[in-house]
Structure formats: structure tokens, C-alpha cells
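Student: My questions are about this predicted structure, shown below with the sequence.
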Amino acid sequence: MAPGARSEWLMAVPARQRFYTGLLGLMLLGFFGALAALWWIDGSSYADVAGWLGVPVISENGDAYAHAPLPFFDLAGVLSWGECAAQGVDVYEQNPCDPMGRPFNYGPALLLLLPSAGMGLTLALGVVLELAFLVTLTLVLRPRSAGEFAIAMVAGTSQPVLLAMDRANIDIAIFVMVMGAALLSQKRWPGRLSFYGVALFGAFMKFFPAVLFALLLRERPRALLGLGAAALAAMAGYVFWFGDDIARALAHLPDLIPVQMAGAPILPTALANEMGVPQARTLLLTTGVLLTLIGSLLLLVQYRPALAAIDWSRARYMAMLCGLAVTMGCFLSGMSFNYRFVFLIPVLPGLMALQAETQDRGLRRLAACLVGLVCVCLCYCTVYWDGVLLLGLPPAPLIYLHEILWWIMMPLLGGFLAAFASQSPLFDRLLHDPRRKT
């Protein structure tokens with residue numbers, strides 16, 4: 001096989017990395033296996049433990065789903081859509097197959113793929129999906145030392161992972177596909193085309209993976225234009241064919257829930273309401289977004305020589321880019337639910353690799369600080385533990401602190417996206433066009 005044709009993580013790796021990666025996989029499997037055993041043996045004890053870990057367990061109408069407390073709640077809802085659609089029910093309007101009546105609010109393409117067997121497959125598919133997620137998560141983190149192993153354990157057992165595993169949300173299926181494609185060799189066209197195909201498929205299923213097409217900036221101008229045109233044509237055709245259904249699905253998206261989400265609109269909305277001037281929300285939000293962009297550009301200017309040395313085609317940095325694109329896109333759009341924070345986890349291996357490899361002391365310290373900040377945000381993705389507010393404090397200051405941490409983190413992480421974009425062959429062509437007169 002030609003050099004570079006195999007994925008980086010399939011190539012020979014140091015024995016220490018193999019040891020810590022294997023240990024991480026076993027520890028995660030043991031941790032979540034113990035939670036699954038507890039649910040199987042004593043559902044009420046599982047609900048207590050999950051609540052203590054910050055994951056509110058679904059128990060409402062649990063008996064109607066044949067297992068209570070209810071795991072894989074989101075997957076059960078998804079499968080109920082397929083069951084009702086097979087019976088001719090318009091699931092965009094009603095869903096009698098789901099005891100909680102959740103209407104369809106994903107991409108219409110997903111509805112064509114769902115099995116008609118419905119919720120009877122929930123447990124079996126949930127177990128398969130979550131095993132695939134744990135394997136992918138282990139391969140993404142791949143700790144190389146005891147310190148990286150400790151950080152990987154914090155990330156792998158953090159609240160977003162716990163919530164995603166409890167709910168079996170489709171986001172973890174998208175995570176598996178996106179990260180699986182990112183781990184393929186990105187130095188050759190088969191790996192790159194596979195990645196773009198996954199991004200398109202994910203966008204058809206749940207919209208937000210469309211932000212991954214920002215990675216087209218790594219292509220040479222001709223390839224960028226060709227692939228970009230093909231992606232736009234595919235999405236335009238999708239919208240043309242399913243436009244009405246897409247609009248109906250989007251109408252069922254949930255509103256902002258500050259205690260369950262992190263998003264750019266949350267803090268401006270809360271501040272505007274506190275000031276008694278709701279109209280100020282747009283101004284505050286615009287100001288925040290502009291400051292985020294300025295902060296990202298300032299970081300790029302400060303560390304540009306060191307950032308320019310990053311090889312974004314390497315698996316760790318490629319996974320980091322995917323995580324950054326999804327996290328930044330969902331944060332700015334206000335649609336970053338707690339379980340979607342799992343896409344923040346791939347940022348950690350990239351930051352730790354940068355910390356170990358860069359010669360710039362300032363950038364090394366920044367990477368170390370960001371590792372800590374990302375871990376804090378992963379562990380502090382909800383203001384509720386065991387059904388009560390953290391430390392018994394009122395919700396407002398906890399929500400403010402939660403959102404302020406994200407507003408601090410986003411410009412710093414955005415600097416790496418700016419660094420990636422600045423290395424685009426397209427920008428290099430525009431700035432250094434040989435036909436331009438000197």
C-alpha cells in the first residue's frame with residue numbers, strides 16, 4: 001500500500017500509546033457497563049446515580065416504553081417516526097407511535113432510512129450505536145501519557161458523554177461517522193472524498209454537519225470550486241425536493257433552554273431581559289460575535305508563525321478541526337445542546353499534541369490553559385446535579401457563569417480555525433498571485 005494511504009491511527013504507534021489507548025477503552029467500557037448493569041438490576045438506583053452525575057433520567061411515561069427509567073429516550077423517538085411513517089402517519093404533524101408524541105424535527109432524508117419495526121429495536125440498536133461511539137471516542141483521544149490518559153478519562157466520562165449515552169441521540173451516530181472519516185488519511189483523495197460524503201450525509205440527516213464543508217478551504221482553488229459547487233448543487237437539490245418538509249421539521253426545533261444548552265444568543269437575551277430592554281438583544285449578540293471574531297484574529301496574529309507549522313492533515317489536528325467547526329457553528333447559531341458538546345472532545349487531542357510539539361512557549365501555555373478550560377466546560381455543561389441547582393444557588397448566576405466561560409473559550413478556539421483558514425491555498429493564491437506586478 002502506498003505511503004499515506006493508510007490512516008495515521010492504523011500505522012505503528014508507540015507501545016506506551018497502545019497501552020494507554022487500550023486502558024482508556026477498557027475503563028470507559030467498564031464505567032458505562034457498570035451503569036448499564038445498574039440500570040438492568042435496579043432502575044431506581046440508576047436514576048439516582050445518573051441524577052447525581054448531572055443527567056436527568058427520563059421517567060415520564062416510562063412504562064409506556066417498556067423500560068423505566070428510560071434509556072435511549074432520543075433513539076426511541078427517532079425509531080417511532082419510522083414506525084408511524086410506515087403506517088402512513090404524517091409524523092411532521094403528529095406521532096401516536098411515541099407515548100410522548102414527539103413530532104419529526106430532523107432532516108427528511110433520515111425518515112427514508114428508518115426501519116418500520118420502530119421502538120422494538122431501541123435497546124438493540126442503542127447498544128450497537130453506543131459501543132461504536134465508545135470505540136470511536138477512544139481512537140480519537142488516544143492518550144500518549146499518564147497525563148493525557150487522565151484528561152481523556154475526564155472527557156470520556158463528562159456530562160455530555162453521559163447524557164448522549166443515556167439518550168442515544170443521533171448526534172453520536174454523526175460523531176462516529178465524522179470522526180471515523182477524519183481518522184482516515186486526509187493526504188489522499190479517497191479519505192478526503194469520504195469525509196465530504198459523510199458531511200453531506202450528516203447535513204441531510206440533521207443539518208448542523210453542513211458546517212464541516214468549511215474544511216474545503218484546505219483544497220486547491222480548482223478542487224475547492226469543483227467540490228464546493230457539487231456540495232451546493234446537492235444541497236440545493238435536497239432543499240428543492242424536500243423544501244416543505246424541511247420547513248415543517250425546523251418548526252418543531254426546541255427553543256433555547258439555558259440550563260441545557262450553550263449558545264451565543266443565551267447571554268445577550270438574559271442581559272437584555274435583566275436590563276428591561278429586550279430590543280438590546282440583537283445589539284448585544286452582534287457585539288459579542290464581532291468581539292469573538294476579533295479575538296480569533298488577534299490570536300492568529302500573535303501566534304501566526306507557530307500556528308503555520310501545524311499539519312492539519314494529521315489525524316489529531318483533523319479531528320480537532322471537525323470539533324472546532326461543529327462547536328463554533330452550533331454555538332453561534334444557538335443550537336448547541338448538552339449532548340452536542342461531545343464534538344468539543346476531539347479538540348483536546350489536538351491541543352495536547354500542539355502543547356507537546358510547538359516551540360513557541362506562549363502558544364504552549366495557551367494550549368495548556370485551553371485544555372483545562374475545555375475540561376471545565378465539559379464537566380460544567382449543566383447547572384443541575386441530582387435535580388437541584390449546584391450549591392443551592394439561584395439559576396441566574398450559574399447560567400451567566402456557564403455562558404461567560406463559553407464566550408471566553410470561543411474566541412481562543414476560533415483562533416485555530418482562523419489559522420487553518422489563513423493557510424488555505426485559495427488565500428495564498430489571492431495574496432501571492434504570480435501574475436500580479438510587483
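Tutor: Done, it's in. Numbers count the residues shown, from 1 in each chain.

Student: Endpoints of stretch 179-186, how far apart?
Tutor: Stretch 179-186 has an end-to-end distance of 12 Å (Cα to Cα, to the nearest Å).

Student: just checking, what packs against the lengthiest helix in the chain?
Tutor: Of all the segments assigned as helix in the chain under DSSP state H, the longest by residue count is helix 221-250. Applying 3 or more Cβ pairs under 8 Å, 6 or more residues apart in numbering; DSSP states H and E, one finds that helix 221-250 contacts helix 108-113, helix 189-206, helix 425-431. Every C-beta, even on glycine, is put in place using the N, C-alpha and C of the backbone.

Student: Pull out the buried positions in it.
Tutor: 224, 227, 231, 238, 242, 245, 246, 248, 249 (16 or more other Cβ atoms under 10 Å).

Student: Compile the helices and strands packed on helix 221-250 into a markdown table and extend it with columns for mean neighbour count, distance to residue 133 and mean pLDDT.
Tutor: Shown next, in a markdown table, are these (neighbours: other Cβ atoms under 10 Å; distance: least, Cβ to Cβ, whole Å; pLDDT from 0 to 100):
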| stretch | mean neighbour count | distance to residue 133 | mean pLDDT |
| --- | --- | --- | --- |
| helix 108-113 | 16 | 18 | 90 |
| helix 189-206 | 19 | 15 | 92 |
| helix 425-431 | 13 | 34 | 73 |
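
Student: Of these, give the one that comes closest to residue 374.
Tutor: helix 189-206 (22.7 Å; Cβ to Cβ).

Student: Determine how far the closest one lies from the middle of the whole chain.
Tutor: 15 Å (Cα atoms, centre = their mean, to the nearest Å).

Student: what is the rounded mean pLDDT of the longest helix of the chain?
Tutor: Computed over helix 221-250, the mean pLDDT rounds to 93.

Student: With stretch 42-52 instead?
Tutor: For stretch 42-52, the mean confidence score works out to 82.

Student: Check stretch 20-35 too.
Tutor: Throughout stretch 20-35, pLDDT has a mean value of 95.

Student: With stretch 335-354 instead?
Tutor: Mean predicted confidence for stretch 335-354 is 90.

Student: need the contact list for the closest residue to residue 317 other than its chain neighbours.
Tutor: Among residues not flanking residue 317 along the chain, residue 350 sits closest, at 5.1 Å (Cβ to Cβ, 6 or more residues apart in numbering). Counting by Cβ atoms under 8 Å, 6 or more residues apart in numbering, residue 350 touches 316, 317, 319, 320, 321, 323, 416.

Student: again with residue 289
Tutor: By Cβ under 8 Å, 6+ apart, residue 289 lies in contact with 264, 332.

Student: Quick check, residue 315 in contact with residue 181.
Tutor: No. At 10.9 Å, residue 315 does not count as touching residue 181 under the criterion of Cβ atoms under 8 Å.

Student: ok, back up a step: for my notes, please list the helices and strands packed on helix 221-250 in a markdown table and give distance to residue 164 for each entry.
Tutor: Shown next, in a markdown table, are those (distance: least, Cβ to Cβ, whole Å):
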| stretch | distance to residue 164 |
| --- | --- |
| helix 108-113 | 17 |
| helix 189-206 | 13 |
| helix 425-431 | 35 |
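
Student: the inter-axis angle of the longest helix of the chain versus helix 189-206?
Tutor: 20 degrees (axes from the mean of the first three to the mean of the last three Cα atoms, to 10 degrees).

Student: Quick check: which ranges of the protein have low pLDDT?
Tutor: 1-12, 59-69, 255-261, 381-396, 429-438 (pLDDT under 70).

Student: Report the central residue of it.
Tutor: residue 343 (2.6 Å; Cα atoms, centre = their mean).

Student: Can you pull the phi/psi pair for the spatially closest residue to that one that is not a sequence neighbour?
Tutor: Excluding its sequence neighbours, the residue lying closest to residue 343 (Cβ to Cβ, 6+ apart) is residue 326, at 4.2 Å. Backbone torsions of residue 326, given as degrees, to the nearest 10, read phi -70, psi -50.
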